[in-house]
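**Student:** model this:
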Amino acid sequence: MPLSRSLHTDPYPIRAARRAGVPVRVRRCPPRPGFTHPAGPADVVRVLSFFGAAVTYGLRAIELRQRPAADTGLAVAALRVPGIVLLFEQPVSPWVLPGRLTDGTAARLERAGARVTGGQAGTRVDWPGDTLRDFMLFDGLMHEIGHHMIQHAARKYRAPAMRTADHERRADAYAMRARHAWAAR
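**Tutor:** Coordinates of the predicted model:
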């Protein structure tokens, strides 16, 4: 049977509409003692529903996971291509971190609503109210979805679509636009 003219000339919107009807799986692994998943599956689904099919197209799953064993930094989220976003557990607030944070890291946390206090022995990071949840949803989830969208648009599912610095800058801009759109709702 031959394809209809519309399917033959423009299959992408139809494929997108068909796949948009499939919800993204959100899986949760229990956090370790002293850690928490600040954004739960319901929070993730609420944000994905707000942004719609354009954000979820090509995503296979979102997993709330324990941090990697070798992680000593501030791992928030990661993208495992193709289409799996990992959101890592976070220490219960307040965070007490050894040493000083870089100016860029401190500014990023403060932009997200954290109170960062540097001292002699280390740095204390307090997360009032829902700020840690929002940090995970936008600086974690939406940042990684920004990476996913860059890779998906370039149709590069294994190799990076651009230099790491450019990838990070664009994903940060995407997350910032998402945060502003969410705040304006």
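**Student:** tell me how far the longest helix anywhere in the chain is from the chain's mean position?
**Tutor:** Longest helix in the chain, counting residues (DSSP state H): helix 164-183. When distances are taken as C-alpha atoms, centre = their mean, to the nearest Å, helix 164-183 is centred 10 Å away from the chain's centroid.
**Student:** Sort out which residues of that helix are buried, please.
**Tutor:** In terms of neighbour count (16 or more other C-beta atoms under 10 Å), helix 164-183 has its buried residues at 167, 170-171, 174-176, 178-179, 182. Using the backbone N, CA and C atoms, a C-beta is placed for each residue, glycine as well.
**Student:** how close does residue 120 get to residue 100?
**Tutor:** With distances taken as C-beta to C-beta, to the nearest Å, residue 120 is found 10 Å from residue 100.
**Student:** between the two, which one's more packed in?
**Tutor:** It is residue 100, of residue 120 and residue 100, that has more neighbours when counted by other C-beta atoms under 10 Å, with 13 against 4.
**Student:** Which elements pack onto the longest helix of the chain?
**Tutor:** helix 41-51, helix 143-154 (3 or more C-beta pairs under 8 Å, 6 or more residues apart in numbering; DSSP states H and E).
**Student:** Could you check the angle it makes with helix 41-51?
**Tutor:** Helix 164-183 runs at 90 degrees relative to helix 41-51, counting by axes from the mean of the first three to the mean of the last three C-alpha atoms, to 10 degrees.
**Student:** quick one: helix 164-183 to helix 143-154, angle?
**Tutor:** Orientation of helix 164-183 against helix 143-154 (the same axes, to 10 degrees) gives an angle of 120 degrees.
**Student:** and the residue nearest the centre of the chain, what are its phi and psi?
**Tutor:** What sits nearest the mean C-alpha location of the chain, by C-alpha atoms, centre = their mean, is residue 141, with 1.5 Å. Backbone torsions for residue 141, taken as degrees, to the nearest 10, come to phi -60, psi -60.
**Student:** close enough to count as contact, it and residue 79?
**Tutor:** No - using C-beta atoms under 8 Å, residue 141 and residue 79 do not qualify as a contacting pair, with a distance of 10.3 Å.
**Student:** pLDDT at the residue nearest to the centre of the chain, what is it?
**Tutor:** pLDDT, the model's per-residue confidence, is 95 for residue 141.
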